[in-house]
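Undergrad: what follows is a predicted structure for the sequence shown.
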Amino acid sequence: MEFFRPTSLSDACRLKSEHPDAVPLCGGTDVMVDINFDRHRPESLLDLTAVPELFGWSRYDGHLRIGAAMPYTAIIAELSAEAPGLAIASRTVGSPQIRNRASVGGNLGSASPAGDALPPLLAVDAEVEAISAAGTRRIPIHEFFLGPKRNALRPDELITAVHLPVARGPQQFAKVGTRNAMVIAVCSFSLALHPDAGRVGTGIGSAAPTPLPARKAETFLAGELTDRWAEPTDLSEDVVRRFGELVAAAAVPIDDVRGTAAYRRHALSVLARRTLTWTWADHIQRMGQR
Amino acid sequence: MSVSTDTVRRTPGGVGDSPVRPDGTFKVSGQFAYSSDLYMDGMLWGTTLRSPHPRARIRSIDVGAALKLPGVSAVLTHEDVPGEKVYGLEIADQPVLAFGEVRYQGEPVAIVAADHPETARRAATLIVVDYDVVDPVCDPREAVGHPFWKQVHDEPGERTAMSRDKAPVHPEGNIVRHQRVRFGDPDAATADVVVHGDYEVGMQDQAFLGPESGLAVPGEDGGVDLYVATQWLHVDRRQMAGALRLPEEKIRLTLAGVGGAFGAREDLSMQVHACMLALRTGRPVKMVYSREESFFGHVHRHPALMRYEHGADREGRLVYVRAHVLLDGGAYTSSTPAVVGNASTLGVGPYVIPHVAMDAWGVYTNNPPCGAMRGFGAVQAAFAYESQMDKLAAAVGVSPVEIRIRNAMSEGSILPTGQVIDSPAPVADLMLRLEAMPLPAPAAADIRLLPGGVSNTTHGEGVRRGVGYAIGIKNVGFSEGFDDFSTALVRLELVGDEPSVLVHTAAVEVGQGLVTVQAQIARSELGVERVTIAAADTQVGSGGSTSASRQTYVTGGAVRAACEGVRSLLIERAVQRYGEGEYRLVDGQVESLRDGVVGDIASLLLDGAVERTAEWRHRPTHPVDEHTGRGDAHVQWAFCAHRAVVDVDVELGLIRVVELAAVQDVGKAMNPDAVLGQIHGGSAQGLGLAVMEEVQLLDGKLRNPSFTDYLIPTIMDMPPMRVEVLELADPHAPYGLRGVGEPPTISSTPAIVAAVRAASGVDLKRVPIRPEHLVAQGSRH
């Protein structure tokens, strides 16, 4: 096995184009497990831990650019106000040790339907920044996931960052697991309210071959909220329940070792109702303080 | 405590103190050398090829390609086993390496030694095994229902020297053991109030630290040295001697660093394999299982299907219990007969019941073999009988505590086996003490402390509080007539002018604390503070198994007996030197009861060291009758009771255990800190069984052989505990002590389930509880 350790993004990019089969390695929380379990024997590894451009974050034009290798611990500490959905999801990732190493870039690269960071990225219409020798491009998050553990990245590309708008409304994330910490999602749900745009965004995790939005639920809720953003009042139980039903209906779950399809649908409807209740209450409070 | 005892001088670090574990700091700081850390220059790495099928006939095995791989030194199959091709604790029926047929997924088929572990693993993939796959028997009801139809074994296994001689075990068909207990007139008994229940316990894994590993070194005498993490060196050696065709004295075992065991190391894993490879290659061979392989490499807790019927009068006083307990033993016998013995003889709980009809079966299937795990048959039954006691309480309209007190056994009570409980049995007292403990504060404001924890699933919505109680009974030590003994060598000598004790036993430290207890006993008995515990090995007689909560009792008894011998010899010297009188040894001094301190121990040792070896047994037990269960099967009983307080998110089916309270009678707290550690740890293991731990099977195949999906409690799942420890001396036991390790595992599971039932209103029949059991699917969309 060959092992590359570039110290700049340009070197990393060159190595990836010369060795398109090289598996990028940063936190190693997925890659090392695959190697140790003998599920994958890559010919070469591309260690990105010495590429400074991949760490850290910046802010521009109401947006955030979060480096692909920025660990979840740093996201929680530095971006809880700007990216609250992602920060809440980051708190549920693995153990403290794993959060010190693991990053959004890893979740995107693995493209597992259970990646905790992915539903909040869907809910805010994030974009994935990828680089190759040919240059940089941005891939909308909704076009990024092609199938279970398959993404839209070309073999010569590396994920460099993720772009998302600075939050202008409440965001939530909730995840069901059968343990109270350090657990893979049985299912998860993220909700973002975008009052300025009059829209809502959603993301479902672990209940379909890929993370996916609940489009009908978004449209329904945006419609219900159309005239209520400025002077919000309590939502009726019917609206909340209908939203939950539509989220559950958007999922395509299976029975597996972690839970049944029927339970996943049920749990998603509960998570959808609760996150809607929390975010709307938050919005009412914000408007009241204005 | 009386005032006068305060003035009596004691040797520091003795019985009743809490000296710290010598290995504790190393383990916490990551410096402890586990068996997987063993290393020797020039060693080879062994690996195991395992069956992918739960059941298949082997047409052929071709090792040619594997042998040709550069770096490979040996590839061995059943044809290379030098001696007996099968081994086992009670019944020799488990192949060292499969021949003819494989009977469970993960059964070892071939072993490889190579100069690198990766090379060994690659070579294993080059071995071609031609399997003729057969439909496995996966349902124990099918196995027992048609004992001669779908047989897992064509031939019965052979009894070993470990078999409880007269215990009713004669495996035929798929039934390993069927034990009946009949007490009173259960067929005729009728009652005003009757409650029924069907219960199920899933397959739990011991999930110990430090997967199976060891290093085998060929000896110049044609024998072999094995450094290994295990539970019973001498029984490993006996089984190895048969398989390797070597005299026992040519097999020398030394205990390597053990992470934990909980029963999973009682059967052989890599011991024979590593030695076969070392003897064949003439080089040291190390084998280390991965966590995934570990799930295939050891026995699990027996899953159970149980049907109970309890009859009582209108006040809730039990009239009869009728029970069926079906235990899935998997593909090989392991300790299934003894597990059936416990489940049947202790299967109605710590209650006085006039009429009992209990039938317990252990059966073969093509599921993974099941054997010893903390609680050993008592865990499964307790989930059923404690669930029944709660049902009965509800039916007669009294509290869970009251129903248990009304039926509690006490000293002098008679078990359904006819055996008299002849030591304290404070069942009612334990319940009352639990009930008197304050309850924790209402649901927390910190969402991390609500069901779902850090996953942010509720901010209080759907959360209901519940409280549940349970109590269990467990036998201590080996039962049913087994010759259960330990050996200890104790040597007192001057080391650098200071008196120093060496204690040498083959008893295995698996984290439970024997390492401090042995030294504490030596300090108290010999009045010498400096004690060295020699490495456990087979150079001294058997210490018996580190299981059945028995080591402090039995090896502790042996150490005390050896110390008494040493002390007598030393006091003879004192009499010669200081004249007739009564002397005791304390804190390095020789004390005359009449004249006070007359000299020091060191001066008595100038004439040379004093050494004694003692073999010590607990009082004998007896087999039970196959048809009635009659017999004094047990040496001692231990009792622990739990109160669980839980918060349940009834909409999502998620659970957080808010508090566990426990009261346990330990007879004598030899090391009070270690006692608390056992109660905390045992309670956590019971919590795991209640709410998350299960080896999931589909058609005989493991679906979750890793810690990704076999979940064990984290610090966010295990709550703070209130613990009360009682010390009611058992007059038959050394220091009055009772075994501590297993009882807390037994009662925490049913207490938590009772609390979840109380919170949710759902009649739960199975552990572990899964969210979908609590949520009526579709009803709340």
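TA: Sure thing, it's come through.

Undergrad: tell me which residue lies nearest the centroid of chain B.
TA: Nearest to the mean C-alpha position of chain B, by CA atoms, centre = their mean, lies B:R374 at 3.1 Å.

Undergrad: where does chain B get nearest to chain A, which residue?
TA: B:G453 (2.9 Å; CB to the nearest CB). (Each C-beta comes from the backbone N, C-alpha and C, glycine too.)

Undergrad: quick one: pLDDT of that residue?
TA: pLDDT for B:G453: 92.

Undergrad: on that earlier part again, okay but the residue nearest to the centre of chain B is in contact with B:P744, surely?
TA: No: counting by CB atoms under 8 Å, B:R374 stays clear of B:P744, with 9.3 Å between them.

Undergrad: common neighbours of those two, please.
TA: Taking CB atoms under 8 Å, 6 or more residues apart in numbering or on different chains as the criterion, B:R374 and B:P744 both touch B:G682.

Undergrad: the residue of chain A found nearest chain B: how many residues sit nearby?
TA: Residue nearest to chain B within chain A (CB to the nearest CB): A:N180, separated by 2.9 Å. Residues within reach of A:N180, counting by other CB atoms under 10 Å in any protein chain shown, total 27.

Undergrad: for my notes, confirm it occurs in a helix.
TA: No: using DSSP: H, G, I helix; E, B strand; the rest coil, the assignment for A:N180 is coil, not a helix.

Undergrad: what parts of chain A come near chain B?
TA: A:36-38, A:88, A:91-92, A:95, A:172-184, A:186, A:241, A:244-245, A:248, A:257-260, A:262-263, A:265-267, A:269-271, A:274, A:277-278 (CB under 8 Å from any CB of the partner chain).

Undergrad: tell me which of the residues you listed fall in helices.
TA: Counted as lying in helices by DSSP state H, out of those, are A:36, A:88, A:91, A:241, A:244-245, A:248, A:262-263, A:265-267, A:269-271, A:274, A:277-278.

Undergrad: got a PyMOL select line for the buried ones in those residues?
TA: Buried residues within those, by 16 or more other CB atoms under 10 Å in any protein chain shown, are selected in PyMOL with:
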select buried, chain A and resi 88+91+241+244+245+248+263+265+266+267+269+270+271+274+277+278
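
Undergrad: domains in the chain, by residue range?
TA: Just going to use chain A. A:2-165, A:171-289 (automatic domain parsing).

Undergrad: my bad, the chain I had in mind was chain B
TA: For chain B, automatic domain parsing gives the domain ranges B:3-32+B:485-617, B:35-136+B:206-297, B:304-479+B:623-774.

Undergrad: off-centre distance for the worst-scoring helix or strand of chain A on mean pLDDT?
TA: Every helix and strand of chain A was ranked by mean pLDDT, DSSP states H and E. The lowest is helix A:31-36, at a mean of 90. How far helix A:31-36 lies from its chain's middle: 22 Å, per CA atoms, centre = their mean, to the nearest Å.

Undergrad: surely the residue of chain B closest to chain A and B:R656 touch.
TA: Yes: using CB under 8 Å as the test, B:G453 is close enough to B:R656 to be in contact (6.7 Å).

Undergrad: okay, stretch B:68-83 in CSV with CA atoms only?
TA: C-alpha atoms of stretch B:68-83 as CSV (Å, rounded to 0.1, in the frame of the first residue of the first chain):
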residue,chain,number,x,y,z
LYS,B,68,2.3,-21.9,-1.1
LEU,B,69,1.9,-18.3,0.0
PRO,B,70,5.4,-16.9,0.9
GLY,B,71,5.7,-16.4,4.7
VAL,B,72,3.3,-19.2,5.6
SER,B,73,4.7,-21.8,8.0
ALA,B,74,1.8,-24.1,8.6
VAL,B,75,-1.8,-24.7,7.7
LEU,B,76,-3.5,-27.2,9.9
THR,B,77,-6.9,-29.0,9.8
HIS,B,78,-8.6,-31.6,11.9
GLU,B,79,-6.2,-34.2,10.4
ASP,B,80,-3.4,-32.5,12.3
VAL,B,81,-5.0,-32.6,15.7
PRO,B,82,-2.5,-34.8,17.6
GLY,B,83,-5.0,-36.3,20.1
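
Undergrad: and that stretch, does that touch chain A?
TA: No: Stretch B:68-83 stays clear of chain A (CB under 8 Å from any CB), getting no nearer than 15.6 Å.
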